[in-house]
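Visitor: I would like to see how this sequence folds:
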Amino acid sequence: MAQQAPAHAADAAGRPITKRRAWRALFALCVGLFLTLMDQSLVAVSLPRIAEDLGGDLNQTIWVSAVYLLTFAVPLLVTGRLGDHFGQRTVYLVGMIVFVLAALACALAPSMEWLIVFRALQGFGGALINPQPLAIINRVFPYHRRGAAMGVWSAVAGSAGLFGPVLGGLLVGYAEWRWVFAVYVPLGVVSLITVALWVPRLPAARDSRIDLGSALYSLLAVLGVVFALQQGPELGWNVWIWGSLVAGLAVLALFLRRQRALGDRALMPLRLYRNRNFGNGVLAVFTLGFAVYPVQLPIMLYLQVQLDLPAEQAALALIPMGLVSIIFAPLAGRLTDRMKPGVLSRAGFGALITAMALFAFMFSRGLSLWWVLLPVVLLGLANALVWSPNSTITLRAVPTELAGAGSGVYNTSRQVGAVLGAAASGAVMQMFQPLGIGVATGVAMLVPVAGLVIGLLAVGNFTSDHDHEKP
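Guide: Okay, the predicted model is just below:
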């Protein structure tokens, strides 16, 4: 059985991490979360202006966004384990330095080729940052307060998706595209200072050395799968794309075999899966990534093409979704600490499925914006009910020495799910495009439903005894 954390954890110097210190640490970490999650939507708005200014073709323009997602997703398993070995705070600070310097280089990029290189480096910085905060939260907050912390964490994540398109549109419209990257510099400096001051140094895990063979296998496996799923729709699923996917899956099999042999020295210790909540939560977050991350594209296409709304108005139409999520996510987090596991999650997955079905119906019928706002609001509420409870229940019983590894697995599952969902949604829209943009986007909104049903079954298996492990 995994042991529950004491009322107050201790830092590397043995000083207790009080409630006030824990909340200050969370605030500091949320700045970095906001930056890395805002990036995708913030930069996407500026891509046409970047291509026009630097003379990039369509393929180069796509790679400005795609290379960031690739270098962000591929190393997550390794960077999560790096936090266990060197300390999550240290790896976070190194990642933020890389992220900020790369953003500054992007702002000064003289050509599309150099911009793509700097974006790849920025994505790697994001990969160093991303797994650390979840691991830190589970180490500095007592067991019975982690839901409240995750609720705030999820609210900030929701606000990043809300402000990204709005801020990007303002910067591109009233300044120029280089400010889209330059804005990261002062925010990143704030993050560095607050994390250095407020996030405690935590004891490094014993025997957390990283197996180089496992690291290589994981990088090649995730690279093969993510590259194939990400570029398949663009390149037409040619023989090279299928070869990348098959090779990635083959290396994944070798990786899992090596993890079984290495035990707790593994990059992804299979002991994590002895806890039913961890295994079910990782499956659930995969389906959430598959369903939630790709839906903004068909929604924005419907609003801009079918309803002929300007890009700024289309972005503003999604504000109710973000606001509802921001308001209710902290409440859902607090309730997670008090309610039977799975209750909120099942309600959230049910709301997600309902929202997707409503989008599909309304898009296919060509209904107006006022009708579309109904599933927009419902999607915001559903997000509040699924993300923070799922993170809390999945990770709070993970042993301290495996916190980084567990967070790396969790974040990798989410990102791979998002890439697969985007590929599936894009393929469906292309297939049904001859029938009209309303039908194409409507059918695309049904794609996530199958994944969400699997996620609903997974969270239905959450157990009240968080520490119960499979034999």
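
Visitor: OK, contacts around V246?
Guide: In this structure, V246 makes contact with no residue, judged by C-beta atoms under 8 Å, 6 or more residues apart in numbering. All C-beta atoms are positioned from the backbone trio N, CA, C, and that covers glycine.

Visitor: So which bits of the helix or strand where it lies are buried?
Guide: Counting by DSSP states H and E, the element that carries V246 is helix 239-262. Neighbour counts over helix 239-262 (16 or more other C-beta atoms under 10 Å) mark I241, S244, L245, A247, G248, V251, L252, F255, R258, Q259, L262 as buried.

Visitor: could the residues you listed be laid out in TSV, adding distance to E176 and pLDDT?
Guide: Supplementary listing: the buried residues of helix 239-262 in TSV, determined by distance: C-beta to C-beta, whole Å; pLDDT from 0 to 100:
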residue	distance to E176	pLDDT
I241	36	85
S244	36	88
L245	39	87
A247	41	91
G248	39	87
V251	43	89
L252	43	87
F255	44	86
R258	49	86
Q259	48	84
L262	50	80
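
Visitor: so after the longest helix seen in the chain, what's the next helix or strand?
Guide: When every helix of the chain is counted residue by residue (DSSP state H), the longest turns out to be helix 19-54. Heading C-terminal from helix 19-54, the first helix or strand you meet, by DSSP H and E, is helix 58-73.

Visitor: so what secondary structure elements neighbour that next one?
Guide: With contacts defined as 3 or more C-beta pairs under 8 Å, 6 or more residues apart in numbering; DSSP states H and E, the secondary structure elements packing on helix 58-73 are helix 19-54, helix 112-129, helix 212-235, helix 403-432.

Visitor: Please compute how far that helix lies from its chain's middle.
Guide: 16 Å (C-alpha atoms, centre = their mean, to the nearest Å).

Visitor: So which bits of it are buried?
Guide: Under the neighbour-count rule (16+ other C-beta under 10 Å), helix 58-73 has 60-73 buried.

Visitor: can you list contacts of that helix?
Guide: Around helix 58-73, the neighbours that count as contacts under C-beta under 8 Å, 6+ apart are 36, 39-40, 43-44, 47-48, 50-51, 56, 112-113, 115-116, 119-124, 126-127, 130, 222-223, 226-227, 230-231, 234, 412, 415-416, 419.

Visitor: Which of those residues are buried, as a ChimeraX select command?
Guide: Buried members of those, identified by 16+ other C-beta under 10 Å, are gathered into one ChimeraX selection as follows:
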select :36,39,40,43,44,47,50,51,56,112,115,116,119,120,121,122,123,124,126,127,130,222,223,226,227,230,231,412,415,416,419
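
Visitor: ok, L270 - contacts?
Guide: When contacts are taken as C-beta under 8 Å, 6+ apart, L270 is in contact with Q259, R260, G263.

Visitor: ok, now Q122?
Guide: Contact analysis of Q122 by C-beta under 8 Å, 6+ apart lists D39, Y68, T71, V98, F99, A102, A103, C106.

Visitor: per-residue pLDDT, the closest residue to the third one other than its chain neighbours?
Guide: When the adjacent residues along the chain are set aside, T71 lies closest to G123, with 3.4 Å between them (C-beta to C-beta, 6 or more residues apart in numbering). Looking at G123, its pLDDT reads 91.

Visitor: cool, A175 as well?
Guide: Reported pLDDT at A175 in the predicted model: 74.

Visitor: Going forward, count from 10.
Guide: Okay, using 10 as the starting number, the last item reads as A184.

Visitor: For stretch 335-352, give me every contacting residue.
Guide: Stretch 335-352 has contacts (C-beta under 8 Å, 6+ apart) with 153-164, 167-168, 171, 286, 353, 357, 389-390, 392-394, 396-398, 401-402, 468-473, 475.

Visitor: Only whichever of those are buried, select them in ChimeraX.
Guide: One line in ChimeraX is enough to select the buried ones among those; burial here means 16+ other C-beta under 10 Å:
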select :154,155,156,157,158,159,160,161,162,163,164,167,168,171,286,353,357,389,390,392,393,394,396,397,398,401,402,468,471,475
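
Visitor: Please tell me how far S434 sits from G132.
Guide: Using C-beta to C-beta, to the nearest Å, one obtains 21 Å as the distance from S434 to G132.

Visitor: rewinding a little: so can I have JSON lines of the helices and strands packed on helix 67-82 showing distance to P329?
Guide: Formatted as JSON lines, the helices and strands packed on helix 67-82 follow (distance: least, C-beta to C-beta, whole Å):
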{"stretch": "helix 28-63", "distance to P329": "16"}
{"stretch": "helix 121-138", "distance to P329": "28"}
{"stretch": "helix 221-244", "distance to P329": "30"}
{"stretch": "helix 412-441", "distance to P329": "22"}
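
Visitor: so which of these gets nearest L310?
Guide: In this view, the helices and strands packed on helix 67-82 are compared for proximity to L310 by C-beta to C-beta, and helix 412-441 is the closest at 7.5 Å.

Visitor: Report the mean confidence score over that closest one.
Guide: What helix 412-441 shows for mean pLDDT is 83.

Visitor: Quick one: work out the angle between that helix and helix 67-82.
Guide: Orientation of helix 412-441 against helix 67-82 (axes from the mean of the first three to the mean of the last three C-alpha atoms, to 10 degrees) gives an angle of 150 degrees.

Visitor: if we look at the next helix or strand after helix 412-441, which residues are touching it?
Guide: In the C-terminal direction, the helix or strand that comes right after helix 412-441 (DSSP H and E) is helix 446-453. Applying C-beta under 8 Å, 6+ apart, the set of residues contacting helix 446-453 from outside is 307-308, 310-311, 314-315, 368-375, 434, 437-442.

Visitor: Just the buried subset of the residues you listed, written out for PyMOL, thanks.
Guide: The buried subset of these, as determined by 16+ other C-beta under 10 Å, is captured in PyMOL by this line:
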select buried, resi 307+308+310+311+315+368+369+371+372+373+434+437+438+441
